[in-house]
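>>> from the sequence below, what's the structure:
(chains A and B)
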Amino acid sequence: MLLLTLLTVNTLLVMNVITERAIDLVEDRIEVSVYFQDYTEDTTITSAVAYLRSLAQVRDVQTISADEAYEQFLERHEGDEDILASLEELGENPFGPTLVIKAYSAEDFEIIIDALDNPQFADEIREKDFSNYEEVIDRIRETTDRVRGFGIALSAIFLFFAILIVFNTVRIGIFIHREEIGIMRLVGASNWFIKAPFLLEMIFLSLMSVGLAVGIMYPVLAIIEPRFNLYFGGQSVGLIQYFSENGLLIFGGQFLILVLITLFSTSLAMRKFLKV
Amino acid sequence: MIRLKNVSKLYHPNIVGVDEVSLHIRPGEFVSIVGQSGTGKSTLAKLLFAEERPSRGKIEIGGWDITDIRDRDIPTLRRQIGVVFQDFKLLQKKTVYENIAFALQVAGVTPSRIRDVVPRVLSIVNLDEKLHRYPKQLSGGEQQRVAIARALVHSPKVLVADEPTGNLDTLNSREIVDLLSKINEFGTTIVLVTHDREIVNRLRKRVITLEDGKISSDVEEGRYKL
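I've put the predicted structure just below:
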């Protein structure tokens, strides 16, 4: 039961890493494209870029000139005769310069969009194109939060049963060794001398559970990571890396918490059944 | 050495273990506490090594007031009082040597000191030849001698023996009482709880008789009168 609790907690950790990675990837792909009028002067573009770069929320600003925009349009619609014919009919480059803005996180885009209303160049902006990725990210978070809540509830249930099992293990241990305990008391053993074997056994049990959890987690991570990597377009999710870098903290912390819980449960059982 | 003042032990308002018992046992004395079954002999013994707490009164052992002894002080008290029971209370999976060494190990005594003390107490009880035997390989009398040896390892000032001959035949009972007398000659105070008439009469030591939880007689060089 202790092992099941640990595996559930570690699965939650894995889920957390995957969620964060998914959100990072989505955020990485979000950008705002700002299309300027075709008559916009280069100086206006330069000052807009400088202004945007001065914002703390902006990660990168890429400039696409009118000519580059025209070339890209031609490339994109290479086989589409009708569109190319329509473009020919116009006789001139209908595209203006474009700025492609990347932010640090999805919440930053609203601020960036508002900032673009700056009267210095707002009139020269023809269109702002921003797909609402925030909704996608919210949905990811909402789903993972729900799964996480379920996982936490499951961990709590496992933990409750683990405490009960430890409690009963100690109770049975006291019953089995009652004669020996009685003799220990008779010959003047200190309370700690009598209690220590039970406490040490539980510490050993905690250590074994954590050891098994480590033994299960790493091979499982090695198996599932490549599959997750496929979902993320071949990019590494970094599960093994995360557990390697933080392994001591994660499993050391889990061991300490487990020891505290088992000692608590053992002490309860001893207080109730071991009269020393 | 041992002083009880108006000590009562009530297990229930209507069930009395001992009732208003007052007595004084001097250092080096050999005292037999006698009485019929259910008169409070064992309760009195248990009060001496804090297996039971008095409901009323005051108990002092060697000047130490143990009336309201704290749980954490009980091990210290038990290392100063040796206790022997009718059923020996030996660990069946340990040898004679290990049973005796165990009493020292639980008190945190060093292995070298254990190696020194155990053979010495085993020679007092004449079991130095049987140190590697298990309790089941010994007679009842020998097992009781192991229990006495174990009670002696801390060199106690007081040895409480609660019906030590209850499971033994006459010959073994005599041997045990002789052994207790020998230990008493070394200066250890002995409190012997028994209902064995022959033993008490043979000892010719102080006899305290209990009836319905009260002391009905306390006689130096007494005899079993019930």
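>>> buried residues in stretch B:117-124?
The neighbour-count check on stretch B:117-124 (16 or more other Cβ atoms under 10 Å in any protein chain shown) flags B:117, B:118, B:121, B:122, B:124 as buried. C-beta: built from backbone N, CA, C; applies to glycine.
>>> okay, now residue 196: neighbour count?
Since no chain was named, I'll use chain A. For residue A:196, the neighbour count with other Cβ atoms under 10 Å in any protein chain shown is 12.
>>> um, chain B though
Neighbourhood size, residue B:196 [other Cβ under 10 Å]: 20.
>>> got it, and the one 3 residues further on?
For residue B:199, the count of nearby residues is 21 (other Cβ under 10 Å).
>>> who's in contact with it?
The contact partners of residue B:199, by Cβ atoms under 8 Å, 6 or more residues apart in numbering or on different chains, come to B:32, B:165, B:173, B:174, B:177, B:192.
>>> hmm, residue A:184 is touching residue A:192, no?
No - counting by Cβ atoms under 8 Å, residue A:184 stays clear of residue A:192, with 11.2 Å between them.
>>> residue numbers of chain B in contact with chain A?
Within chain B, the positions lying close to chain A (Cβ under 8 Å from any Cβ of the partner chain) are B:71-72, B:74-79, B:83, B:89-91, B:102-103, B:106-108, B:150, B:154.
>>> what is the subsequent helix or strand relative to the one helix or strand in chain B whose mean pLDDT sits lowest?
Sorting the helices and strands of chain B by mean pLDDT, DSSP states H and E puts helix B:197-203 at the bottom, at a mean of 88. Proceeding N to C from helix B:197-203, the next assigned helix or strand is strand B:206-211, under DSSP states H and E.
>>> quick check: mean pLDDT of that next one?
Average pLDDT, strand B:206-211: 94.
>>> strands paired with whichever helix or strand comes after that strand, and their directions?
Of the helices and strands lying after strand B:206-211 in sequence (DSSP H and E), the nearest is strand B:214-219. Strand pairing for strand B:214-219, using DSSP bridges, gives strand B:206-211 (antiparallel).
>>> can you point out the buried residues in the partner strand?
Counting neighbours by 16+ other Cβ under 10 Å, one finds that the buried residues in strand B:206-211 are B:206, B:207, B:208, B:209, B:210.
>>> before we move on, the earlier item: distance between the least confident helix or strand of chain B and the chain's centre?
17 Å (Cα atoms, centre = their mean, to the nearest Å).
>>> what do you get for stretch A:236-255?
13 Å.
>>> domain parsing for chain B?
B:26-53+B:62-80+B:158-226, B:87-155 (automatic domain parsing).
>>> strands of the chain, residue ranges please.
This is for chain A. With DSSP state E as the criterion, chain A has strands at A:32-36, A:58-64, A:98-103, A:125-129.
>>> let's do chain B instead
Counting by DSSP E, the strands of chain B are B:2-12, B:15-25, B:30-34, B:56-61, B:64-65, B:81-85, B:158-162, B:189-194, B:206-211, B:214-219.
>>> what's the closest of the ones you listed to residue A:234?
strand B:81-85 (76.4 Å; Cβ to Cβ).
>>> who are the packing partners of that closest one?
Other elements packing on strand B:81-85 under the criterion 3 or more Cβ pairs under 8 Å, 6 or more residues apart in numbering or on different chains; DSSP states H and E are helix B:140-152, strand B:158-162.
>>> tabulate those (JSON lines), appending mean pLDDT and mean neighbour count.
Output for these, formatted as JSON lines (pLDDT from 0 to 100; neighbours: other Cβ atoms under 10 Å in any protein chain shown):
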{"stretch": "helix B:140-152", "mean pLDDT": "94", "mean neighbour count": "24"}
{"stretch": "strand B:158-162", "mean pLDDT": "95", "mean neighbour count": "24"}
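>>> output the ones you listed in JSON lines, with distance to residue A:179 appended to each entry.
Listed next are the helices and strands packed on strand B:81-85 as JSON lines, based on distance: least, Cβ to Cβ, whole Å:
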{"stretch": "helix B:140-152", "distance to residue A:179": "14"}
{"stretch": "strand B:158-162", "distance to residue A:179": "17"}
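>>> closest one to residue A:209 among those?
Comparing these under Cβ to Cβ, the one sitting nearest is helix B:140-152, at 38.9 Å.
>>> now that closest one, how far from the centre of its chain.
11 Å.
>>> angle of that helix against strand B:158-162?
150 degrees (axes from the mean of the first three to the mean of the last three Cα atoms, to 10 degrees).
>>> contacts for helix B:140-152, please.
Contact with helix B:140-152 is made by A:187, B:82-85, B:88-90, B:96, B:99-100, B:102-103, B:121-122, B:124-127, B:130, B:135, B:138, B:159, B:161, B:164-165, B:167-169, B:171-173, B:175-176, B:179-180, B:183, B:188, as judged by Cβ under 8 Å, 6+ apart.
>>> check stretch A:209-224 too.
Against stretch A:209-224 from outside (Cβ under 8 Å, 6+ apart): A:2-3, A:6-7, A:10, A:14, A:239-240, A:243, A:247, A:251, A:254-255, A:258.
>>> cool, and stretch B:165-183?
So stretch B:165-183 is contacted by B:30, B:86-88, B:124-125, B:139-141, B:144-145, B:148, B:152, B:159, B:161, B:164, B:190, B:192, B:194, B:196, B:198-199, B:202-203 (Cβ under 8 Å, 6+ apart).
>>> state which helix of the chain is the longest.
All of this is about chain A. helix A:133-176 (DSSP state H).
>>> nope, chain B
helix B:170-185.
>>> where in chain B is pLDDT low?
Low-confidence segments of chain B, defined by pLDDT under 70: B:226.
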